[in-house]
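Undergrad: no sequence on hand, only this structure:
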């Protein structure tokens, strides 16, 4: 059974048709939309600031979501995939975004819609990722613009696939 813990009188809230793996940890002021999946070993700590998550978001194995006390909440839009081992901390991620495996997104970064953050990239504090782009490297920089095939073949495909995968566990 997943650890879902009330912190300072606030309990996480889940939308309809969400899957939560048995080893996920979710605490405090966290609100999920519908059709989200939280996978094995994910830690989502809404203890020091709020975390708001839209619809069709998949938070894969080993992901950490957190914020900074009284300074940096975490907002995640709709149809976002956060791949294995990523760290998302006190930032804003808009709709239709793929965060690659092991990527790190720091406080006050803004990832605009229809974007990809490559595996292993580090998006530094206060960085603004332009819509429709791929960012990679340390620190992350724009490497190309997204074409329709990447939008459909990666961002939408992965978000839709994780709804199917979650169904296997229900």
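TA: Now that the structure is in, tell me what you want to look at. These figures come from a predicted structure and were not determined experimentally. Residues are numbered from 1 along each chain as shown.
Undergrad: lowest-pLDDT helix or strand in the chain?
TA: The helix or strand of the chain with the poorest confidence is helix 148-150; it has a mean of 80 (mean pLDDT, DSSP states H and E).
Undergrad: contacts for that helix, please.
TA: Contacts with helix 148-150, where a contact means Cβ atoms under 8 Å, 6 or more residues apart in numbering, come from 116, 134. (Each C-beta comes from the backbone N, C-alpha and C, glycine too.)
Undergrad: figure out how far that helix is from the centre of its chain.
TA: Centroid displacement of helix 148-150 relative to its chain, using Cα atoms, centre = their mean, to the nearest Å, is 21 Å.
Undergrad: what does stretch 17-34 give?
TA: 12 Å.
Undergrad: can you give me the end-to-end distance of that stretch?
TA: With Cα to Cα, to the nearest Å as the measure, stretch 17-34 spans 6 Å from end to end.
Undergrad: then stretch 79-94?
TA: End-to-end distance for stretch 79-94: 9 Å, by Cα to Cα.
Undergrad: and it, what's its mean pLDDT?
TA: For stretch 79-94, mean pLDDT rounds to 98.
Undergrad: for the least confident helix or strand of the chain, list every residue counted as buried.
TA: Buried residues in helix 148-150, counting neighbours by 16 or more other Cβ atoms under 10 Å, are found at residue 150.
Undergrad: which helix runs longest in the protein?
TA: helix 157-169 (DSSP state H).
Undergrad: now do that helix: everything it contacts.
TA: The contact list for helix 157-169 (Cβ under 8 Å, 6+ apart) reads 18-19, 21, 35, 37, 56-58, 60, 79-81, 96, 98.
Undergrad: next one: stretch 105-113
TA: So stretch 105-113 is contacted by 67-68, 71-72, 77, 86-97, 99, 117, 122-132 (Cβ under 8 Å, 6+ apart).
Undergrad: now swap in stretch 25-32 and tell me
TA: Identification of contacts with stretch 25-32 by Cβ under 8 Å, 6+ apart yields 2-8, 10, 12-15, 18, 20, 38, 42-47, 49-53, 57.
Undergrad: for stretch 40-47, same thing?
TA: Stretch 40-47 has contacts (Cβ under 8 Å, 6+ apart) with 7-8, 10, 12, 21-30, 38, 51, 59-67.
Undergrad: quick one, what contacts residue 118?
TA: Residues in contact with residue 118, defined by Cβ under 8 Å, 6+ apart, are 100, 103, 134-137, 140, 143.
Undergrad: distance to residue 160, secondary structure and pLDDT for those - can I get that in TSV?
TA: Below are the contacts of residue 118 laid out as TSV (distance: Cβ to Cβ, whole Å; DSSP: H, G, I helix; E, B strand; the rest coil; pLDDT from 0 to 100):
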residue	distance to residue 160	secondary structure	pLDDT
100	18	coil	98
103	21	coil	99
134	20	strand	96
135	23	strand	98
136	24	strand	98
137	28	coil	98
140	26	coil	98
143	25	strand	97
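Undergrad: all set now, cheers.
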